[in-house]
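Peer 1: give me coordinates for this.
(2 chains)
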Amino acid sequence: GAVVSQHPSWVICKSGTSVKIECRSLDFQATTMFWYRQFPKQSLMLMATSNEGSKATYEQGVEKDKFLINHASLTLSTLTVTSAHPEDSSFYICSARDRRSHQETQYFGPGTRLLVL
Amino acid sequence: AQTVTQSQPEMSVQEAETVTLSCTYDTSESDYYLFWYKQPPSRQMILVIRQEAYKQQNATENRFSVNFQKAAKSFSLKISDSQLGDAAMYFCAYNQGGKLIFGQGTELSVKP
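Peer 2: Predicted coordinates for the structure are as follows:
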């Protein structure tokens, strides 16, 4: 149980285009999902918290117009990188918290590697 | 602000032996959760073990156990009978208001 999927796993795009990444909880409902960014050999940096049916909460320094987050259902959150540039190239990871759990455990997706040319 | 510190960027262990990874954190809260996650080369984050601060008993999951010292704000991970598959980056994390605050990570290598 507690499986989270992400799609796509790899994406290469041209500078200026937009890229959408999907995060799904496959066997549980998640009222809250999280989006992280990770650079090589570094820790995970929280970008935003996504709550079903409401606006996402962004961490300080993260451009909300650049990284659009939508949490349309209890099993799906999407991250859209708008007008992507080479500096947006990174590894993006989502996580989800089971709404039934009171133990605050986050289950992570396999991540998406984004390369902007 | 809450912080999580892993002071060992790299650790190495011989297969079948035991290794301990250190983690300290800073908080003014009395009730919280602590986690250890493993990130192998695939980069999939895998939950290793979870500790609830109000529980005095140290959490254990098979070969993985923690030494939770609440007063000292220390949360170390012990891996017994190390296996080649344990080689990975290990992250300690503290739960703050539903968000996870991660340490810098410790890269563990296992020698055959």
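Peer 1: which one is the residue in chain A that chain B sits nearest to nearest to, not counting chain neighbours?
Peer 2: In chain A, the residue found nearest to chain B is A:Phe108; the distance is 3.7 Å by CB to the nearest CB. All C-beta spots, glycine's among them, are computed from the backbone N, C-alpha and C. Closest residue to A:Phe108 apart from its sequence neighbours, by CB to CB, 6 or more residues apart in numbering or on different chains: B:Met45 at 3.7 Å.
Peer 1: which residues touch residue 38?
Peer 2: You didn't pick a chain, so chain A it is. A:Leu44, A:Met45, A:Ser90, A:Phe91, A:Tyr92, A:Ile93, A:Gly111, B:Arg43 (CB atoms under 8 Å, 6 or more residues apart in numbering or on different chains).
Peer 1: chain B, not that one
Peer 2: B:Met45, B:Ile46, B:Val48, B:Asp86, B:Ala88, B:Met89, B:Tyr90, B:Phe91.
Peer 1: cool, B:Asp81 as well?
Peer 2: Neighbours of B:Asp81 in contact, by CB under 8 Å, 6+ apart: B:Ala16, B:Glu17, B:Thr18, B:Arg63.
Peer 1: quick check: the two most widely separated of the residues you listed?
Peer 2: Taking CB to CB, the two most distant members of the contacts of B:Asp81 are B:Glu17 and B:Arg63; they sit 11.6 Å apart.
Peer 1: shared neighbours, these two?
Peer 2: B:Asp81, B:Ser82.
Peer 1: what about B:Gly85, which SS state?
Peer 2: helix (DSSP: H, G, I helix; E, B strand; the rest coil).
Peer 1: any idea how far chain A is from it?
Peer 2: 17 Å (CB to the nearest CB, to the nearest Å).
Peer 1: off-centre distance for whichever strand or helix holds A:Trp35?
Peer 2: Using DSSP states H and E, A:Trp35 maps to strand A:32-38. Here the centre of strand A:32-38 is set off from its chain's centre by 5 Å, with CA atoms, centre = their mean, to the nearest Å.
Peer 1: buried ones in the helix or strand following that strand, by neighbour count?
Peer 2: Using DSSP H and E, the helix or strand that follows strand A:32-38 in sequence is strand A:44-51. Within strand A:44-51, the residues that qualify as buried are A:Leu44, A:Met45, A:Leu46, A:Met47, A:Ala48, A:Thr49, A:Ser50, A:Asn51, counting by 16 or more other CB atoms under 10 Å in any protein chain shown.
Peer 1: surely A:Ser77 and A:Cys94 touch.
Peer 2: Yes - if you go by CB atoms under 8 Å, A:Ser77 and A:Cys94 touch, sitting 6.5 Å apart.
Peer 1: give me the helix or strand of chain B that scores worst on average pLDDT.
Peer 2: strand B:99-102 (a mean of 92; mean pLDDT, DSSP states H and E).
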